[in-house]
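In: The sequence and its predicted three-dimensional model are supplied below.
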Amino acid sequence: MDTFGIPTHNVQFTNISRFLEFWHFSVGDPEALHGDVSRKIGSKSDQWFGATVVALNTDDDSQSAVVNIQQFSPCKVKHRLGYHRLGYCMAGFSAAIGKDNNIFLGEPGAYYWGGAVSTKSTNFAKPATHTQNGSKEYDDQFMGYSSAVGDFNGDNIDDVAVGVPRGNFLMGKVVLYNDRLENLVNLTGDQMGSYFGASIAVADLNGDKLHDIIVGAPLFINMETGSAGVQSTYEIGRVYVYFQSPTHTFDKPVTINGHREWGRFGYDVAAAGDLNQDGYNGRCSKSYSILQYNARAKNYMFLTDFVVGAPLDGLDRKSGAVYIYNGAKNGIREKYSQVIYGQSIQTGIETFGFSVSGGRDVDNNGYPGTYAGNADNSAPI
């Protein structure tokens, strides 16, 4: 089962605009007594509930019934002190959850929009861990804009990659933290304003059982000539693929440029499982979760593929497109194996590829599916 958020859908309450629906249960604006007068102390408008949804163990039989709901609101404070730091933190702008049942929340609005990350176990037995406020030069960097889990130091414990698209003097960066939110290493962008780190995915792309990292920079401008593209192709977008070495370092990435000016290639990226079924000796019949080790797979080589969204691609420059790339033993195949244009699916569709996901066989046909959302429609495809 795959789960989708619908952040501006199904408004059913008076005086509430753009309430978000994920689970449908009764809510309303909170009130409190002020003397003998009941006054509103908050608003459900513009909270965007469901804007980010992640799931774990979706193959479990219990997926059909939600019996326990826990709120994790790391930026919520009960006094005025701290609101200027955490009041706009936007916890949950990105989210990731791994095999160790640790939740990681991105908070790009925290600390004067410098951003932050929080983590907590799903059993809520221990207090949350939170990155701290930096000096003023870290303001307006948007840490937590994107996030993805993986093992980046070889200890078989969930780490997290966090996008900071305005960090590194606007060049963008991705910060790798361990499970205690201690910095492991930074991956840095190479062009100012490209929004490097706007999207992140983690997968084993070359079958070496190490987690590789895919980073999107959707505002990248291609200023090269030749086969790579036309000079000064604005907001064509670029994707960076970092392969993890046996010593757990990430060397010079493989780069893939977008295919149409203003297309914003790399707006979102996602691991997609083995779409072309090229697993070792052809013995891989299904896609295994990249983040959950399966003992039956230890003698196989699973080459994970990935998908890239370009929501302003297409002949009309607004219908959008999704590109599929295949993993390989020696890296990745840099030529996409398939492109799906939004306009080929539905007339009038726009921003197809705004969000992408994959790796789950929802129809039990032996192949993992690929899913794409578009900001101007109410249903994923």
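Out: Great, that's in hand. Numbering: from 1, shown residues only.

In: Could I get the full set of helices for this structure?
Out: Defined through DSSP state H, the helices belonging to the chain, from first to last, are 83-86, 110-113, 167-170, 342-345.

In: Deepest-packed of these, please.
Out: With neighbours defined as mean count of other Cβ atoms under 10 Å, those peak in mean count at helix 110-113, which reaches a mean of 21. Placement of C-beta: from N, CA and C, glycine included.

In: For the helices of the chain, please prepare a markdown table with the additional fields distance to V241 and mean pLDDT.
Out: A markdown table is the format used below for the helices of the chain (distance: least, Cβ to Cβ, whole Å; pLDDT from 0 to 100):
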| stretch | distance to V241 | mean pLDDT |
| --- | --- | --- |
| helix 83-86 | 35 | 74 |
| helix 110-113 | 29 | 92 |
| helix 167-170 | 19 | 96 |
| helix 342-345 | 24 | 89 |
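
In: Export the ones you listed to TSV and append columns for distance to D208.
Out: Putting the helices of the chain into TSV (distance: least, Cβ to Cβ, whole Å) gives the following:
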stretch	distance to D208
helix 83-86	40
helix 110-113	36
helix 167-170	28
helix 342-345	35
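
In: Name the single longest strand found in the chain.
Out: Longest strand in the chain by number of residues (criterion: DSSP state E): strand 352-360.

In: average pLDDT for it?
Out: Taken as a whole, strand 352-360 has an average pLDDT of 84.

In: Check which helices and strands that strand sits against.
Out: strand 268-273, strand 305-310, strand 321-325, helix 342-345, strand 369-374 (3 or more Cβ pairs under 8 Å, 6 or more residues apart in numbering; DSSP states H and E).

In: which stretches of the stretch 51-200 of the chain have low pLDDT?
Out: In the predicted model of the stretch 51-200 of the chain, residues 51-68, 77-84, 124-125 satisfy pLDDT under 70.

In: try 90 this time
Out: Counting by pLDDT under 90, the stretch 51-200 of the chain contains low-confidence residues at 51-89, 91-92, 98-102, 120-130, 132-137.

In: In it, what residue spans correspond to strands?
Out: With DSSP state E, counting those that start in this stretch as the criterion, the stretch 51-200 of the chain has strands at 94-97, 102-107, 116-121, 129-130, 146-150, 159-164, 173-177, 183-188, 199-203.

In: Make JSON lines out of those and add mean neighbour count and distance to I349.
Out: Written out in JSON lines, the entries for the strands of the stretch 51-200 of the chain read as follows (neighbours: other Cβ atoms under 10 Å; distance: least, Cβ to Cβ, whole Å):
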{"stretch": "strand 94-97", "mean neighbour count": "22", "distance to I349": "25"}
{"stretch": "strand 102-107", "mean neighbour count": "26", "distance to I349": "28"}
{"stretch": "strand 116-121", "mean neighbour count": "22", "distance to I349": "34"}
{"stretch": "strand 129-130", "mean neighbour count": "19", "distance to I349": "40"}
{"stretch": "strand 146-150", "mean neighbour count": "26", "distance to I349": "24"}
{"stretch": "strand 159-164", "mean neighbour count": "28", "distance to I349": "27"}
{"stretch": "strand 173-177", "mean neighbour count": "23", "distance to I349": "31"}
{"stretch": "strand 183-188", "mean neighbour count": "15", "distance to I349": "33"}
{"stretch": "strand 199-203", "mean neighbour count": "28", "distance to I349": "21"}
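
In: now these in JSON lines, with distance to E350?
Out: Rendered in JSON lines, the data for those read as follows (distance: least, Cβ to Cβ, whole Å):
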{"stretch": "strand 94-97", "distance to E350": "23"}
{"stretch": "strand 102-107", "distance to E350": "26"}
{"stretch": "strand 116-121", "distance to E350": "32"}
{"stretch": "strand 129-130", "distance to E350": "38"}
{"stretch": "strand 146-150", "distance to E350": "22"}
{"stretch": "strand 159-164", "distance to E350": "25"}
{"stretch": "strand 173-177", "distance to E350": "29"}
{"stretch": "strand 183-188", "distance to E350": "32"}
{"stretch": "strand 199-203", "distance to E350": "19"}
